[in-house]
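Engineer: I would like the atomic coordinates for the input below:
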Amino acid sequence: MYERFYYLNEKPFKITPDPRFLFWSEGHKEALAHLRYGIEERKGFVVITGDVGTGKTTLLQALLAGLKDNIRYAAVSNPGMSVDDFLYYIGNAFGLSVGTFSKAQFLMKFSDFLHESARQGKYVLLIVDEAHKLSVELLEEIRLLSNMETAEEKLLNIFLVGQPELNQKLTDPSLLPLRQRICASYHLLPLSREDVGEYLKKRLLVAGAKFNNLFNSGAVRAIYKYTKGYPRAINILADQALLTGFVRGKKEINTRIIREASKDLTLPGEKRSRFFPAWLKWAMGAVAGVVAVVLWGMYYFS
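Structural biologist: Predicted coordinates for the structure are as follows:
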């Protein structure tokens, strides 16, 4: 709707995990380095965690887009399933003809697949997104899959990517053997205040913007204050701000537009339903203080 008004080729703040729009903060670079290390060194398990909306899935899409031809991978994005369903899913993802499913049949065919891939110089990677949804039983089953190895190298490497609850789940005593196999882990944090401005510019440029300063400095500060630097929340608020600016006929997005755009939004992880500027919070605090003094006086002198 607003693309032509702002001279854009497409919407810059879609919440789909398009790797073209990934902003390489220091945290995202570090997380990708851990994943690449896991691939290059064939280390087994790598764990990446981060709160909702920090860009984990987009990071995975960027990783997959850059994989070499000698890497065979299966990506599971909805792991809330039974053990048999999970094994059947990855069997099909790797192109194995499982037929009438049985666990024993799957394990034999999967072992043959891994050894044949190794002989061909192929690397096999299993990626589980939303891994915090995995049951303890399924996590143990995944660990057992990693037992398929030769004397020289791992035949299967596994990336577990999920919310911080994944780390809590991995503390289960029964998962100690799995924890001992984790060779690298990284927790992805939200963007810093300085990163938010660059994040907005990056997405605007990818969307074809002729001017990357569409959001003025006040708007950038307001966006950070409201979203706490979570990329998904930034996308939701920035998209709404562009729509609001378009309706108001404003070519520049300022603090007032951000405040107006945020009124009816409830962003991921945000308990408040609207943006409160500093002066308003100070005034509310002052009023609360006056009310407290009056009530105390009424009680004391009554």
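
Engineer: what segments of the stretch 1-150 of the chain are strands?
Structural biologist: 45-50, 71-76, 123-128 (DSSP state E, counting those that start in this stretch).

Engineer: what's in contact with the first one?
Structural biologist: Under the contact criterion Cβ atoms under 8 Å, 6 or more residues apart in numbering, strand 45-50 has outside partners 31, 34-35, 37-38, 56, 59, 131-132, 146, 157-164, 166-167, 170, 178, 181-189. (Glycine included, C-beta is placed from N, CA and C.)

Engineer: what of the last one?
Structural biologist: With contact meaning Cβ under 8 Å, 6+ apart, strand 123-128 is reached by 39, 42, 60, 64, 70-76, 79, 90, 94, 113-114, 117, 134, 142, 145, 155-162.

Engineer: can you give me the angle it makes with strand 71-76?
Structural biologist: 10 degrees (axes from the mean of the first three to the mean of the last three Cα atoms, to 10 degrees).

Engineer: list the strands paired with strand 123-128, with their directions.
Structural biologist: Partner strands for strand 123-128, per DSSP bridges, with pairing direction: strand 71-76 (parallel), strand 157-162 (parallel).

Engineer: looking at the ones you listed, which is buried most?
Structural biologist: strand 157-162 (a mean of 24; mean count of other Cβ atoms under 10 Å).

Engineer: and that one with strand 45-50, angle?
Structural biologist: Using the same axes, to 10 degrees: strand 157-162 against strand 45-50 is 20 degrees.

Engineer: off-centre distance for strand 157-162?
Structural biologist: Relative to its parent chain, strand 157-162 has a centroid offset of 13 Å by Cα atoms, centre = their mean, to the nearest Å.

Engineer: go on, stretch 123-136?
Structural biologist: The answer for stretch 123-136 is 14 Å, by Cα atoms, centre = their mean.

Engineer: likewise stretch 224-240?
Structural biologist: The mean C-alpha position of stretch 224-240 is separated from the chain mean by 14 Å, Cα atoms, centre = their mean.

Engineer: confirm that Leu237 sits in a helix.
Structural biologist: Yes: when DSSP: H, G, I helix; E, B strand; the rest coil is applied, Leu237 is found to be in a helix.

Engineer: is it true that it touches Thr227?
Structural biologist: Yes: counting by Cβ atoms under 8 Å, Leu237 touches Thr227, with 5.9 Å between them.

Engineer: more neighbours, these two?
Structural biologist: Taking other Cβ atoms under 10 Å, Leu237 and Thr227 do not tie; Thr227 has more neighbours (27 against 24).

Engineer: just to check, that one is in contact with Asn235?
Structural biologist: No: if you go by Cβ under 8 Å, Thr227 and Asn235 don't touch, sitting 9.1 Å apart.

Engineer: which residues in the stretch 201-302 of the chain form helices?
Structural biologist: 217-227, 231-248, 255-262, 278-301 (DSSP state H, counting those that start in this stretch).

Engineer: picking that back up, narrow the contacts of strand 45-50 to those in helices?
Structural biologist: The helices, defined by DSSP state H, take in Ala31, His34, Leu35, Tyr37, Gly38, Lys56, Leu59, Leu166, Asn167, Leu178 from the contacts of strand 45-50.

Engineer: list the contacts of the first one.
Structural biologist: Ala31 makes contact with Ile48, Gly50, Lys56, Leu59, Tyr186, Leu188 under the criterion Cβ under 8 Å, 6+ apart.
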